[in-house]
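Novice: Just a sequence and a predicted model for now, questions to come.
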Amino acid sequence: MTRHLSISHPDAYAAWRASKLSDYPRNPSALAVPVADLAALSDHELAAIRQRIAKTNMALVRCGDPTQVTPARMLALGRRLGLHRLDDNPCADAQAVSHLQVASAGDTAEFIPYTNRALGWHTDGYYNPPERQVRAWMLFCVRAAASGGENRMLDHEIAYIRLRDRDPALIEALTAPDACCIPAHVKDGTELRPASVGPVLSVRDGALHMRYTDRTRSVEWRRDATLDAAREALRLLFSKGDDYMFRFRLQPGDGLISNNVLHDRAAFSDDPKAPRLLYRARYLDRVKGPKQDGKRGHDSPADPDDDHR
């Protein structure tokens, strides 16, 4: 049950909020888990990663050896965490792993992740249809940029708390089924991806899910004063920062595992002889906490008892 995410159950929310914020880490180093072999985690390493994700929806994995960072080893790590259903995309390789590097030409070059420009705050796959929402992702560094390229990360459950504490009506506006529309991607008269309409906040498989982009282009918002206020509150949160917002720069051999938390990326400059390269895998599954091991569920709209409204 997710009574704590229901506006009509403030006591359950207060209890969950207190537990969530209790001993919440303030330093990215608290997210770090050193591992010896990405493809063969020990039980202790696996438990440590799950523990951090259960608390913050993210973990920083450090193997210290960039030669270990391969698509095959990443996918093996994902399977140990219960991640099996990959979200494929046209820019990914045959294993559905994206090679994030600056593209000089071709279709890939039109997408910001494949440039050295800054990426605004977002969750991955916000343009996917409701039935194929990205629930988790992994991002591992093979080569870092010469300068720049830092990430800021904010647990979407923390963002939820900040908004709900400000005004529960903001949460209600963000759960509207038509809150946000990403128009179809059409190129040369051919539709490459259909329009995607859905809420910003929803409950899926008993957990809070967020679908968000702060882009001002290629996104259409429902006309609603409260929704406008919720969007402005999020922009203010991102600009002012938060005690529980993390900022760091992945080094070769480092990786992030996340239940699709909010994040951005600073612009960067490359070393022409060793340009920045990261591997990314996105999943329709979610990393479950230690107490959820062995339980299986499926993506679905919130139950009536779990409804925010």
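Specialist: Received the coordinates, thanks.

Novice: so residue 52 touches residue 58, yeah?
Specialist: Yes. Assessed by CB atoms under 8 Å, residue 52 is found in contact with residue 58 at 7.1 Å. To be clear about C-beta, it is placed using only N, CA and C from the backbone, and glycine gets the same treatment.

Novice: ok, the two, which is more surrounded?
Specialist: residue 58 (24 against 21; other CB atoms under 10 Å).

Novice: and that one, what are its bridge partners?
Specialist: residue 258 (DSSP bridges).

Novice: what pLDDT does it get?
Specialist: The model reports residue 58 with a pLDDT of 98.

Novice: what sits against it?
Specialist: 31, 52, 153, 155, 246, 256, 257, 258, 259, 261 (CB atoms under 8 Å, 6 or more residues apart in numbering).

Novice: quick one on the thing from earlier: mutual contacts of residue 52 and residue 58, please.
Specialist: Joint contacts of residue 52 and residue 58 (CB under 8 Å, 6+ apart) are residue 31.

Novice: For residue 159, see how far away the residue nearest the centre of the chain is.
Specialist: Centroid-nearest residue in the chain, with CA atoms, centre = their mean: residue 260, separated by 2.0 Å. Distance check for residue 260 against residue 159: by CB to CB, to the nearest Å, it reads 12 Å.

Novice: what is in contact with these two at once?
Specialist: Residues touching both residue 260 and residue 159 (CB under 8 Å, 6+ apart) are residue 210.

Novice: elements contacting the top helix by length along the chain?
Specialist: Longest helix in the chain, counting residues (DSSP state H): helix 225-240. Packed against helix 225-240 by the contact rule (3 or more CB pairs under 8 Å, 6 or more residues apart in numbering; DSSP states H and E) you find helix 156-166, helix 168-174, strand 220-221.

Novice: in the second one, what counts as buried?
Specialist: Of the residues in helix 168-174, those buried by neighbour count under the rule 16 or more other CB atoms under 10 Å are 170, 171, 172, 173, 174.

Novice: quick check, distance from the helix or strand following it to the centre of its chain.
Specialist: Toward the C-terminal end, the helix or strand that comes next after helix 168-174 (DSSP states H and E) is strand 180-182. Put simply, strand 180-182 sits 18 Å off its chain's centre (CA atoms, centre = their mean, to the nearest Å).

Novice: surely residue 95 meets residue 73?
Specialist: No. Using CB under 8 Å, residue 95 makes no contact with residue 73, being 11.3 Å away.

Novice: more neighbours, these two?
Specialist: residue 73 (19 against 13).

Novice: Can you tell me what sits against whatever helix or strand the more buried one lives in?
Specialist: Secondary structure from DSSP H and E places residue 73 in helix 71-80. For helix 71-80, the surrounding residues in contact (CB under 8 Å, 6+ apart) are 38-41, 46, 61, 84, 86, 93, 95, 97, 138, 140, 255, 257, 279, 281, 283.

Novice: Just the CA atoms of that helix, as PDB, please.
Specialist: C-alpha atoms of helix 71-80 as PDB (Å, rounded to 0.1, in the frame of the first residue of the first chain):
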ATOM      1  CA  PRO A  71      28.200  -3.100 -22.000                       C
ATOM      2  CA  ALA A  72      28.300  -6.800 -21.100                       C
ATOM      3  CA  ARG A  73      29.500  -6.300 -17.600                       C
ATOM      4  CA  MET A  74      27.000  -3.500 -17.000                       C
ATOM      5  CA  LEU A  75      24.100  -5.700 -18.100                       C
ATOM      6  CA  ALA A  76      25.400  -8.500 -15.800                       C
ATOM      7  CA  LEU A  77      25.400  -6.000 -13.000                       C
ATOM      8  CA  GLY A  78      21.800  -5.000 -13.900                       C
ATOM      9  CA  ARG A  79      20.600  -8.600 -13.800                       C
ATOM     10  CA  ARG A  80      22.000  -9.000 -10.300                       C
END
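
Novice: In that helix, which residues are buried?
Specialist: Using 16+ other CB under 10 Å as the test for burial, helix 71-80 gives 71, 73, 74, 75, 77, 78, 80.

Novice: No more questions from me, cheers.
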